[in-house]
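A.B. asks: fold the stuff below for me.
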Amino acid sequence: MDVLSIYSSPVIEFTATQPLERQNALVDNCTGTDPPPANADKLTETHTKKQVATQTEHICSSESADYDERALAKWLRQIYPLVELELSQPTPLMDEQCSECSLQEQLQVHTYQKLSLHSMENSQGLASWLCVHTNNAPVLVVTTVAPHDDWCEHVEQQLQLYVPERMSQGSYVVYTLSKSVPLKSCLRSLTTNGFNKNIFAGASMDGELFVWTYEQATMDVQQLHNVSTAQGAAVALDWSTEQQLLVGYTNGVVQQWQLGQQMTLEWQYTLPATVAAELTTMLSLGLDDLVLGTNDGGVYRCWSTAPQVSTDKTNKQFQLLPLRRHRFMVSSLLRTQLNGQQLVISCDLSGQAYYHDMRHEDEDTAQLIVQIPLPFKNSIACSRDGNIIYCPSSDGALEYYRVGDGAQAHVKGVLRGRGNLIRLSDNGCWLITGLYGNEFQIFYIENNLAAN
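C.D. replies: Residues are numbered from 1 along each chain as shown. Sure thing, here's the model as predicted:
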């Protein structure tokens with residue numbers, strides 16, 4: 001062990017921060033003798049609570065409280081109608097409220113197939129979907145309408161039946177011509193029986209009415225009825241029931257024909273002289289209940305609750321209710337549902353669509369007005385819920401529009417001309433537009449939300 005040397009180290013001084021003569025009183029917190037403060041048991045404490053849900057105050061007490069039963073009953077009578085209304089219109093689910101899905105993500109519309117028909121220049125097209133044949137694809141009937149100045153002299157027209165056939169590979173179908181029905185003149189209108197989709201009717205330019213049936217077993221078309229009328233070419237056809245056909249003419253005459261062993265006139269109604277316009281479109285809402293559209297923008301509901309008393313079949317009496325008018329010719333009338341309510345959509349040439357609620361007579365407060373962006377102009381089709389509107393555009397293109405948020409989408413076309421026709425199948429999967437030159441365009445619609 002080394003010997004320590006005797007050495008004196010220098011002194012290091014730390015100067016005091018306070019004067020030496022000042023002294024601080026120190027308190028020992030750990031050993032205090034003061035009595036503890038009174039501690040209330042929060043679990044048994046009586047205090048006033050505020051109920052946020054009802055904005056009322058009450059005292060939590062073990063003692064029974066007195067209530068004013070009259071005031072309570074009065075309050076319940078006041079809020080009951082509001083609660084009933086709220087329950088009848090439930091709030092949408094959160095995923096529906098927060099959905100930011102684009103229109104293209106919701107609906108994928110594909111150009112599917114072109115159908116070429118022999119036609120004259122500047123011809124228009126007529127088409128109607130029949131019953132489903134295979135792979136959710138319905139049978140289709142189409143024809144062309146040549147330009148007319150007056151009387152129809154086109155004696156070699158045809159009504160063509162196209163049946164979807166499965167391809168050997170995949171789940172695709174192709175529409176093939178199955179039958180051609182000769183016509184003595186061009187058809188002016190064409191419609192499918194909504195109560196029996198194997199039956200369809202047409203009205204020719206020379207004033208004849210035809211009813212055909214499609215036979216699924218043989219994929220053939222047979223004529224059921226053919227009658228001549230003195231009113232000229234019918235511009236609108238619709239079905240009241242499976243056996244009753246409504247026919248509308250430009251002069252404001254509406255007829256109902258009964259189908260049986262023979263086709264007989266059941267009644268005839270004429271718009272009053274106060275409606276000085278031509279009838280352009282018609283929609284049946286049921287027996288003795290229909291909506292008419294005119295070329296001056298008028299929309300009229302005609303109905304009758306009393307049975308026909310007069311023996312004169314040409315003197316049918318209807319109540320007439322003018323609905324909200326359009327500024328231009330009414331080109332489309334469609335029946336749909338929106339939020340569970342039965343509505344009628346009327347659309348004019350400018351693309352302005354009115355959603356008429358048939359339960360109300362005050363049209364100023366009972367409808368939704370939609371201004372469809374250009375190039376929406378004439379004929380439209382809509383989905384079953386009334387939220388999607390389709391319209392043909394130039395060169396085989398298709399525009400579609402979502403009413404809920406105003407979203408718009410476009411499908412590019414590869415044809416020439418401007419389409420005047422659009423028809424959507426009852427299942428909402430198939431759509432046809434035309435005529436573009438001598439071609440129709442078929443589209444296929446995938447609803448991704450419905451698939452989920």
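
A.B. asks: any chance you could map the strands in the stretch 301-450 of the chain?
C.D. replies: Remark: strands of the stretch 301-450 of the chain, listed N- to C-terminal, are 319-322, 330-338, 341-348, 352-357, 367-371, 381-382, 388-392, 398-402, 408-411, 421-424, 430-436, 439-447; assignment by DSSP state E, counting those that start in this stretch.

A.B. asks: whoops, I mixed them up, the stretch 151-300 of the chain
C.D. replies: Under the criterion DSSP E, counting those that start in this stretch, the stretch 151-300 of the chain contains strands at 157-166, 173-183, 187-192, 199-204, 208-215, 220-228, 234-241, 244-249, 253-259, 263-270, 279-286, 289-294, 299-303.

A.B. asks: wait, isn't Thr294 in contact with Met282?
C.D. replies: No. Using Cβ atoms under 8 Å, Thr294 is not in contact with Met282; the gap is 10.3 Å. Backbone N, C-alpha and C define where each C-beta goes, glycine included.

A.B. asks: my read: Ser136 touches Cys429, true?
C.D. replies: Just so we're on the same page, residue 136 is Asn rather than Ser. Yes. With contact defined as Cβ under 8 Å, Asn136 counts as touching Cys429 (5.8 Å).

A.B. asks: need the contact list for the nearest residue to Ser379 once chain neighbours are set aside.
C.D. replies: Nearest residue to Ser379 in three dimensions, chain neighbours excluded: Ile422, at 5.1 Å (Cβ to Cβ, 6 or more residues apart in numbering). Listed by Cβ atoms under 8 Å, 6 or more residues apart in numbering, the contact set of Ile422 reads 379-381, 390-392, 431-433.

A.B. asks: what does His110 give?
C.D. replies: Per Cβ under 8 Å, 6+ apart, neighbours of His110: 411, 443-446.

A.B. asks: skip ahead from the helix or strand hosting it and say which helix or strand is next.
C.D. replies: Secondary structure from DSSP states H and E places His110 in strand 107-116. Per DSSP H and E, strand 107-116 leads on to strand 124-134 as the next helix or strand towards the C-terminus.

A.B. asks: which residues sit against that next one?
C.D. replies: Contacts for strand 124-134 (Cβ under 8 Å, 6+ apart): 138-145, 163-166, 173, 187, 189-192, 197-198, 200, 202, 214, 216, 419-421, 423-427, 430, 432, 434-435, 440.

A.B. asks: direction included, what does that strand pair up with?
C.D. replies: In the sheet, strand 124-134 lines up against strand 137-145 (antiparallel) (DSSP bridges).

A.B. asks: return the distance of the strand it pairs with from the chain's centre.
C.D. replies: 23 Å (Cα atoms, centre = their mean, to the nearest Å).

A.B. asks: quick one: mean pLDDT over that strand.
C.D. replies: Average pLDDT, strand 137-145: 95.

A.B. asks: got it, and stretch 254-267?
C.D. replies: 95.

A.B. asks: how far out from the middle of the chain is that stretch?
C.D. replies: Worked out by Cα atoms, centre = their mean, stretch 254-267 lies 32 Å from the chain centre.

A.B. asks: among the strands of the stretch 151-300 of the chain, which comes closest to Asp312?
C.D. replies: strand 263-270 (9.0 Å; Cβ to Cβ).

A.B. asks: now do the buried residues in the closest one.
C.D. replies: Residues of strand 263-270 classed as buried by neighbour count (16 or more other Cβ atoms under 10 Å): 263, 266-270.

A.B. asks: got the angle between that strand and strand 289-294?
C.D. replies: 60 degrees (axes from the mean of the first three to the mean of the last three Cα atoms, to 10 degrees).

A.B. asks: more neighbours: Asn136 and Cys429, which one.
C.D. replies: Neighbours per residue, other Cβ atoms under 10 Å: of Asn136 and Cys429, the larger number sits with Cys429, 18 against 13.

A.B. asks: what count of nearby residues applies to Gln262?
C.D. replies: Look at Gln262: counted by other Cβ under 10 Å, it has 8 neighbours.

A.B. asks: how about the contacts made by it?
C.D. replies: So Gln262 contacts His225 (Cβ under 8 Å, 6+ apart).

A.B. asks: surely Val139 touches Tyr162?
C.D. replies: Yes. Using Cβ under 8 Å, Val139 is in contact with Tyr162, at 7.1 Å.

A.B. asks: so for stretch 76-87, mean pLDDT?
C.D. replies: 72.

A.B. asks: right, I mislabeled it, should have said stretch 303-323
C.D. replies: Rounded mean pLDDT across stretch 303-323 is 81.

A.B. asks: what's the end-to-end length of it?
C.D. replies: 13 Å (Cα to Cα, to the nearest Å).

A.B. asks: kindly format the C-alpha coordinates of stretch 135-154 as CSV.
C.D. replies: In CSV, the C-alpha atoms belonging to stretch 135-154 read as follows (Å, rounded to 0.1, in the frame of the first residue of the first chain):
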residue,chain,number,x,y,z
ASN,A,135,-79.3,-16.2,-68.5
ASN,A,136,-81.6,-13.3,-67.4
ALA,A,137,-81.7,-12.1,-71.0
PRO,A,138,-85.2,-11.3,-72.4
VAL,A,139,-86.5,-11.8,-75.9
LEU,A,140,-86.5,-8.6,-78.1
VAL,A,141,-88.8,-7.4,-80.9
VAL,A,142,-87.7,-4.5,-83.2
THR,A,143,-88.8,-2.7,-86.3
THR,A,144,-88.0,0.4,-88.3
VAL,A,145,-90.3,3.3,-89.2
ALA,A,146,-89.6,5.1,-92.5
PRO,A,147,-90.2,8.9,-92.8
HIS,A,148,-93.8,9.8,-93.6
ASP,A,149,-95.5,12.8,-95.1
ASP,A,150,-99.0,11.4,-95.0
TRP,A,151,-100.1,7.9,-95.9
CYS,A,152,-97.8,5.0,-95.5
GLU,A,153,-96.8,3.2,-98.7
HIS,A,154,-94.1,0.9,-97.2
